[in-house]
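>>> predicted model follows, preceded by the sequence.
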Amino acid sequence: MGIHPRHHWNVTPREAIALQKRLAGELRLDTPLDLSRLRVVAGVDVSVRAGRSRAAVVAMRFPDMEVLETVLAEAPTPFPYVPGLLTFREGPVLEEAFRRLRVAPDAFIFDGAGCAHPRGVGVASHMGLWLERPTVGCAKTRLTGWSAGPGPGRGDVAPLLAREPAPDAPHPPQIGAVLRARAGVAPLYVSPGHHIDLASAVALVTACLGRYRLPEPVRAAHRAAALRPAQTGAAGAAAP
DNA sequence: GCGACAG
DNA sequence: ATCTTGTCGC
């Protein structure tokens, strides 16, 4: 996996915001992803505990979702959680995890936002610039935007608009989708990260859904990143 | 000034 | 995200 850093991570919140505004203009959100040619999809997540962050990337074969590789990376948590600046908290350890990846996934699904972000650069979009491959944001709650909400059935989808529609204002652009991954549970907030369009992002997440709320790759990464007091090494996992 | 706010 | 006991439900 070739990684392509665009800037260093030691920045102030003010500088972080300036960087996001610059990077937003470099995203490609109009590229279709042909699922019939997708072979490997990866899930990405980070857990934090006692000032330490652990990143996990789990690559799975598509569409059968067999685990091909799991990599972990650990480091001191370098940045506080600030809504809109999550990437500057998770970015450094995620970069290290990506460097340890031997297989090259055709697409990545992140636990967090893609372009459905105040400045259009959620963690999936931001790291997409590092990966230079298709990335999708799959958040469990809303960061920004407005939606009437999807229907109650599994697979139901509703548009996520940039803001709530106003009577005498132009219709807000669509920045993502709200997806009911399971009947009777809170929906997922899906948005394209980089090198992928919205329709493909929703199709990819939907295709990776199993019997749980989160798409399988993200669920696997979430579990792999879980920071327990003492964890025994798992087969195929790189040392933190 | 007030409310909102990925993980 | 993490801190935490029990509890309701398939």
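Received, thanks.
>>> can you list the buried residues in the helix or strand harbouring residue A:55?
Using DSSP states H and E, residue A:55 maps to strand A:52-61. Along strand A:52-61, these residues count as buried under the neighbour rule (16 or more other C-beta atoms under 10 Å): A:53, A:54, A:55, A:56, A:57, A:58, A:59, A:60. Where you see a C-beta, it was placed from the backbone N, CA and C, and this is true even at glycine.
>>> wait, the first one touches residue A:81, no?
No. Residue A:53 is beyond contact range of residue A:81, at 10.9 Å (criterion: C-beta atoms under 8 Å).
>>> pLDDT of stretch A:191-207, averaged?
In this model, stretch A:191-207 has a mean pLDDT of 98.
>>> oh sorry, the question was meant for stretch A:12-31
98.
>>> which residues does that stretch contact?
Here stretch A:12-31 makes contact (C-beta atoms under 8 Å, 6 or more residues apart in numbering) with A:6-7, A:11, A:82, A:84-85, A:87-88, A:115, A:117, A:119-121, A:125-126, A:128-129, A:134, A:192-198, A:200.
>>> give me the subset of the residues you listed lying in strands.
In strands, judged by DSSP state E, the following of the contacts of stretch A:12-31 are found: A:192, A:193, A:194.
>>> just the buried ones from those?
Buried among the ones in strands among the contacts of stretch A:12-31 by 16+ other C-beta under 10 Å: A:192, A:193, A:194.
>>> residue contacts, the last one?
By C-beta under 8 Å, 6+ apart, the contact set of residue A:194 is A:27, A:28, A:29, A:114, A:124, A:125, A:128, A:129, A:131, A:132, A:134, A:135.
>>> one more: the first one?
Contact partners of residue A:192, counting by C-beta under 8 Å, 6+ apart, are A:29, A:114, A:115, A:125, A:135, A:136, A:137, A:176, A:198, A:200, A:201.
>>> repeat for the second one
Contacts were defined as C-beta under 8 Å, 6+ apart; by that measure residue A:193 touches A:27, A:108, A:110, A:114-115, A:122, A:124-125, A:127-128, A:134-137, A:201.
>>> with that, I have no additional questions.
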